[in-house]
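Engineer: what's the 3D shape of this:
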Amino acid sequence: MKLKDLPNLISILRLIAVVPVGYLLLAGQYGAALVLFALAGLSDGLDGFLAKRFGWQSRLGGILDPLADKALLITCFLVLGWQGLVPFWLVVAVILRDLVIVSGALIYHWGIEAIEASPTLASKFNTALQLILLVMVITHAGGWPLAQGLITATSWLTLLAVVTSGAQYVWIWGHKARARGWRRRG
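Structural biologist: Numbers count the residues shown, from 1 in each chain. Reported below is the predicted structural model:
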């Protein structure tokens, strides 16, 4: 392994960590799940820092990093939703948003041109709110009580961010698609 591959290795380890985080949540081991979740979050910052600081960005890293992030978030939302700790409507909204974005990106890529995706500010805010909410819920479930009103308010704010950022992607890529037109297949 070369040093320039370190960010990709970190992303792969974060992707692998999804399984034990999901298991720990299912087993009700919220303290351990929170620690592993936090380590995964720190690793996300570390791999991004290393890739940018030393010019170690790669096409593979551009796929692995968001894949690991989404796998971790969706797994946590699914498990915590199944346990009744996160509202079902929010779990559906989070998953639906990601499905719409991925489907739209694939359609755009195949029908118009190669896609150069980068997260918008609204999307970064959405991800931050999802992370904050998950930390709050796991912390609360782990026996460190937080005000239920705060968790509820953060859930609604997260829903607003999910819808807003998802709609923003649809608008941006829809506008680009109309401007560029469909490829002619022949």
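
Engineer: per-domain residue ranges of this protein.
Structural biologist: If you go by automatic domain parsing, the domain ranges for the chain are 1-83, 84-186.

Engineer: mind putting the ones you listed in CSV, mean neighbour count included?
Structural biologist: For glycine as for every other residue, the C-beta is placed from the backbone atoms N, C-alpha and C. Putting the domains of the chain into CSV (neighbours: other CB atoms under 10 Å) gives the following:
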stretch, mean neighbour count
domain 1-83, 17
domain 84-186, 15
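
Engineer: and those as CSV, adding mean pLDDT?
Structural biologist: Shown next, in CSV, are these (pLDDT from 0 to 100):
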stretch, mean pLDDT
domain 1-83, 94
domain 84-186, 92
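
Engineer: Remind me what the helix ranked longest in the chain packs against, helices and strands.
Structural biologist: Looking across the chain with DSSP state H, the single longest helix is helix 148-180. Of the remaining helices and strands, those touching helix 148-180 by 3 or more CB pairs under 8 Å, 6 or more residues apart in numbering; DSSP states H and E are helix 88-111, helix 121-141.

Engineer: export these to CSV and tack on distance to Gln57?
Structural biologist: Converted to CSV, the helices and strands packed on helix 148-180 look like this (distance: least, CB to CB, whole Å):
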stretch, distance to Gln57
helix 88-111, 19
helix 121-141, 18
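
Engineer: and Trp182, which of those is closest to it?
Structural biologist: Relative to Trp182, the nearest member of the helices and strands packed on helix 148-180 by CB to CB is helix 88-111, separated by 5.2 Å.

Engineer: name the helices or strands packed onto the closest one?
Structural biologist: If contacts are counted by 3+ CB pairs under 8 Å, 6+ apart, helix 88-111 sits against helix 59-82, helix 148-180.

Engineer: what residue is smack in the middle of the chain?
Structural biologist: Lys70 (3.4 Å; CA atoms, centre = their mean).

Engineer: Quick check: closest non-adjacent residue to it.
Structural biologist: Asp98 (6.1 Å; CB to CB, 6 or more residues apart in numbering).

Engineer: gap between the closest residue to Leu78 other than its chain neighbours and Ser103?
Structural biologist: Leaving aside its sequence neighbours, Leu78 sits nearest to Val91 (CB to CB, 6+ apart; 6.4 Å). According to CB to CB, to the nearest Å, Val91 stands 18 Å off from Ser103.

Engineer: ditto for Ala33
Structural biologist: From Ala33 over to Ser103 (counting by CB to CB), the distance is 30 Å.
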